[in-house]
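Engineer: this one's structure only:
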């Protein structure tokens, strides 16, 4: 489902210079914003943006910034000339602004000055290594913060992940609290769910494996729920789930 349709090496990489790991990601992004049918334009614009930015080193996250700008320009029917002429009145993507402020570092020879001026407008760029501006991290305090949400079993990896990506890690915790640790599922089950009659093994910890078999899915109820029947280690079980694809007329009033 996440493949890019590329069945062999493409020599066009010498033209657009898009890193391989970004190709399928950017293609999915293009589809998400309604540019799936203009993928060839997006690839061409990627190479043009790269040259406009000064032919920068394209790795994560700088390659993503080039992709964000390429999508933005195709979506708004902009070219390099229009960006420079109308740039003072254009709201550029946040990732582009941050890069031209210097928060990904400084490219060899600096940023193109005329482009930097229209992208930043009244913002002042930094001229030092971004890490020099960061405050020291208090890992003890972060661990205490996480313990309030996760309980006492906070690991060093949890603390480091939270320090690096606080928003993403909080979303991860929310998913764990709602669905449990879904990382133990195999990829097809995670992406598509089980087929009727399908049986899988789920190792929830070392030496502890659950055998789950989907038996049947009940008819939708008036409140938009279904009963799902399954076997857990050979024992019949059932659970009521909310089917998000069903529009229900029942009004839910949450109690305080």
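Structural biologist: That came through, no problem. These numbers come from a predicted model, not from an experiment. Numbers count the residues shown, from 1 in each chain.
Engineer: Please make it C-alpha for all contacts and neighbour counts, starting now.
Structural biologist: Will do.
Engineer: Could you look up the SS state of residue 190?
Structural biologist: Under DSSP: H, G, I helix; E, B strand; the rest coil, residue 190 falls in the helix class.
Engineer: residues contacting it?
Structural biologist: residue 182 (CA atoms under 8 Å, 6 or more residues apart in numbering).
Engineer: For residue 56, see how far away it is.
Structural biologist: As defined by CA to CA, to the nearest Å, residue 190 lies at a distance of 37 Å from residue 56.
Engineer: Also residue 225?
Structural biologist: 52 Å.
Engineer: What of residue 79?
Structural biologist: Where residue 56 is concerned, residue 79 sits at a distance of 19 Å (CA to CA).
Engineer: Counting neighbours, go ahead and name the busier of these two.
Structural biologist: Remark: of residue 79 and residue 56, residue 56 carries more neighbours, 18 against 14, as counted by other CA atoms under 10 Å.
Engineer: Please identify the helix or strand for residue 209.
Structural biologist: Element membership for residue 209 (DSSP states H and E) is strand 208-217.
Engineer: Tell me the helix or strand right after that strand.
Structural biologist: Next along from strand 208-217, by DSSP H and E: strand 225-232.
Engineer: May I have the strands that pair with that next one, each with its orientation?
Structural biologist: In the sheet, strand 225-232 lines up against strand 208-217 (antiparallel), strand 235-242 (antiparallel) (DSSP bridges).
Engineer: out of those, which comes closest to residue 12?
Structural biologist: Taking CA to CA, strand 208-217 is the member of these nearest to residue 12, at 45.5 Å.
Engineer: Now do the same for residue 41: its pLDDT.
Structural biologist: On pLDDT, residue 41 comes in at 97.
Engineer: That one belongs to a strand, doesn't it?
Structural biologist: No. In this structure, residue 41 is helix, not part of a strand, as judged by three-state DSSP.
Engineer: which non-adjacent residue is nearest it?
Structural biologist: Nearest non-adjacent residue to residue 41, counting by CA to CA, 6 or more residues apart in numbering: residue 74, 7.2 Å away.
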